[in-house]
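Asks: sequence and predicted structure, then a few things I'm wondering about:
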Amino acid sequence: MSFVARHGLWSQAQEQAAAELRRSLAAGHLDTVRLSFADQHGVLRGKTLIASEVDGALDSGCTVTTTLLAKDTSHRTVYPVFTAGGGFGMQEMEGAADVILVPDPTTFRVLPWAPRTGWMLCDLAFSHGGPVPFSTRDLYRSVVERLAGRGYDFMAGLEVEFHIFRIEQAKMAPHHAGQPGEPPDVSILTHGFQYLTEQRYDQLEPVLEIIRQNVVGLGLPLRSMEVEYGPSQCEFTFRPGIGLEPADLMVLFRSAVKQICRRHGYHATFMCRPKIPNVISSGWHLHQSLVGRADGANAFMSRRDDQLLSPLARRYLAGLLHHARAATVFTTPTINGYKRYRSYSLAPDRAVWGRDNRGVMIRVLGEPHSPATRLENRVGEPAANPYLYMAAQILSGLDGIDRDLEPGPSADTPYETEAPLLPKSLAEAVQALDDDPFFHEAMGSKFIDYYVYIKNAEIARFQAEVTDWEHREYFDSF
């Protein structure tokens, strides 16, 4: 019996998808298949297998080192992996031991930009078949299943801003390498501040068309491509999906865009606020609602003319606001992302909601009796791990439902309304999470302690660096 079958790691749908993939492999349609998993930062990692080896990997998985779970955003291993328990307090993680990539055949795709190359998203398992507690996709799946047990599915639509630049100097000399390496020198593709103008779109169209063809070729449910506010900035939106689908979509979309652009001499970045003159911050707005599993109806839709949201939606919204500070590390996990939170801008600075207001944290969209009713969380940055972002939303919302919380009135002047301020730095956000008993219980202290440790390692490296600001501020004056 295979490893996957012995430990019951696949559903019936995955078994069927695996059988179809085996037939495609036998027909010789592929040369290689990439096996990828989303790490703690939402970055895809994995291995590429020769097509003839994939059949065995479907049965037995593929090994990778557990140190991939011990790295910060510079790809440095920050846990003492060669100590007892590997720094995690777990024997399975000692000594850079292996973990098993278990392919999810339902995610299989052929990459349009890489001829005869397949791709599959994977889950993680220990060699004894047990789950890896630091797998964010597994964590999110457990939250989605918890929600399903209460009769609802999570529906999410993605609205993602990012930048595309032309590479002028790739910085590939040996002295440019490091942890991290030097980023490329780039030039902008358009001037900015002509939001949604057709002229600016036409200047970006050549590269956007390359991306569109490949994204559609992947089967991703693309809806629109737009010119955003700043230089070389654009926005892609996608049809709403259920459960794992929108989170899987986001990790694949980001990775695909970066690969496609690089192959054509461009650099795409989902960094929130690049240090490039006149460039504007990018956000990731997450549209969300709950759908009844029994009837498929939008549970956020009000059935009364005098109410914008259903009672369940109001309590869910209140939960998002109540847990906003502690959840911010999941929506905005980088030091750079906090440069976006500015008063009187198109980004929030406090936990408030409003009806169709772009200055609030939660923008309520829809009308009474409208099946399109939803909540748009505007707090996120496009570099966020989607599994953690969405899991934190569901858990916060469910707590609001369970405790009958009320969100208060609409904040029509969002930057003047009295409300808890969002963290102003990653350090403040990490501390808010670490101090919050709700997420320790809802996600498990083992995971929260793990994530806090990694983010604190990232913060410590930042604090040890001398910045341009410090040098300009003090070098001449003192």
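Replies: That came through fine. Numbering: from 1, shown residues only.

Asks: buried residues, the longest strand along the chain. List them.
Replies: In the chain, with assignment by DSSP state E, the single longest strand is strand 152-169. By neighbour count, and taking 16 or more other CB atoms under 10 Å as the criterion, the buried residues in strand 152-169 are 152-167. Every residue, glycine included, has its C-beta placed from N, CA and C.

Asks: same deal with stretch 118-136?
Replies: 118-126, 131-136.

Asks: cool, and stretch 306-326?
Replies: Within stretch 306-326, the residues scored as buried using 16+ other CB under 10 Å are 308-310, 312-326.

Asks: then stretch 400-420?
Replies: Going by neighbour count (16+ other CB under 10 Å), the buried part of stretch 400-420 is G400, I401, L405, P407, S410, A411, P414, T417, A419.

Asks: just put those residues in TSV and tack on distance to G8, pLDDT and secondary structure.
Replies: Written out in TSV, the entries for the buried residues of stretch 400-420 read as follows (distance: CB to CB, whole Å; pLDDT from 0 to 100; DSSP: H, G, I helix; E, B strand; the rest coil):
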residue	distance to G8	pLDDT	secondary structure
G400	34	98	helix
I401	32	98	helix
L405	38	98	coil
P407	41	96	coil
S410	48	92	coil
A411	48	92	coil
P414	49	90	coil
T417	50	91	coil
A419	47	92	coil
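
Asks: look up how far G265 lies from S255.
Replies: 18 Å (CB to CB, to the nearest Å).

Asks: which strand or helix spans Y79?
Replies: When secondary structure is defined using DSSP states H and E, no element contains Y79, which sits outside every helix and strand.

Asks: what about it, how many residues close to it?
Replies: As a burial measure, Y79 scores 21 neighbours (other CB atoms under 10 Å).

Asks: try R293
Replies: Here the count is done by other CB under 10 Å, and R293 has 15 residues near it.

Asks: quick check: it touching G149?
Replies: No - between R293 and G149 there is no contact, the gap being 9.7 Å when judged by CB atoms under 8 Å.

Asks: before we move on, the earlier item: between S255 and G265, which has more neighbouring residues?
Replies: Between S255 and G265, counting by other CB under 10 Å, S255 is the more crowded of the two (17 against 11).

Asks: tell me the SS of the more buried one?
Replies: At S255, secondary structure determined by DSSP: H, G, I helix; E, B strand; the rest coil is helix.

Asks: show me what contacts it?
Replies: The contact partners of S255, by CB atoms under 8 Å, 6 or more residues apart in numbering, come to S36, V43, L44.

Asks: put the alpha carbons of the worst-scoring helix or strand of the chain on mean pLDDT into PDB.
Replies: Every helix and strand in the chain was compared by mean pLDDT, DSSP states H and E; the lowest is helix 468-474, with a mean of 91. C-alpha atoms of helix 468-474 as PDB (Å, rounded to 0.1, in the frame of the first residue of the first chain):
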ATOM      1  CA  ASP A 468      19.500  55.600   4.600                       C
ATOM      2  CA  TRP A 469      17.300  57.700   6.900                       C
ATOM      3  CA  GLU A 470      19.700  57.400   9.800                       C
ATOM      4  CA  HIS A 471      22.700  58.200   7.700                       C
ATOM      5  CA  ARG A 472      21.100  61.300   6.300                       C
ATOM      6  CA  GLU A 473      19.700  62.400   9.700                       C
ATOM      7  CA  TYR A 474      22.800  62.000  11.800                       C
END
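
Asks: now find how far off-centre it is within its chain.
Replies: Helix 468-474 has its C-alpha centroid displaced from the chain centroid by 33 Å (CA atoms, centre = their mean, to the nearest Å).

Asks: show me what the helix or strand encompassing N377 pairs with in its sheet, parallel or antiparallel.
Replies: Remark: N377 resides in strand 374-380, with elements defined by DSSP H and E. Paired with strand 374-380 in the same sheet, following DSSP bridges, are strand 284-292 (antiparallel), strand 362-365 (antiparallel).

Asks: correct me, but S370 touches A297?
Replies: No - the pair S370 and A297 fails to qualify as a contact (CB under 8 Å) at a distance of 11.9 Å.

Asks: can you verify R325 is assigned to a helix?
Replies: Yes - per three-state DSSP, R325 lies within a helix segment.

Asks: if I look at it, how far off is A429?
Replies: The separation that R325 has from A429, given CB to CB, amounts to 7 Å.

Asks: okay, and the common contacts of those two?
Replies: P423.

Asks: ok now stretch 150-166, how far from the chain's centre?
Replies: For stretch 150-166, the distance from its own C-alpha centre to the chain's C-alpha centre is 8 Å (CA atoms, centre = their mean).

Asks: name the element D123 belongs to?
Replies: Here D123 is covered by strand 117-125, with elements defined by DSSP H and E.

Asks: just list what that strand packs against, helices and strands only.
Replies: Packed against strand 117-125 by the contact rule (3 or more CB pairs under 8 Å, 6 or more residues apart in numbering; DSSP states H and E) you find strand 32-38, strand 98-103, strand 109-110, helix 136-149, helix 244-263.

Asks: will you turn the ones you listed into TSV that also has mean pLDDT?
Replies: As requested, those are arranged in TSV below (pLDDT from 0 to 100):
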stretch	mean pLDDT
strand 32-38	98
strand 98-103	97
strand 109-110	97
helix 136-149	98
helix 244-263	98
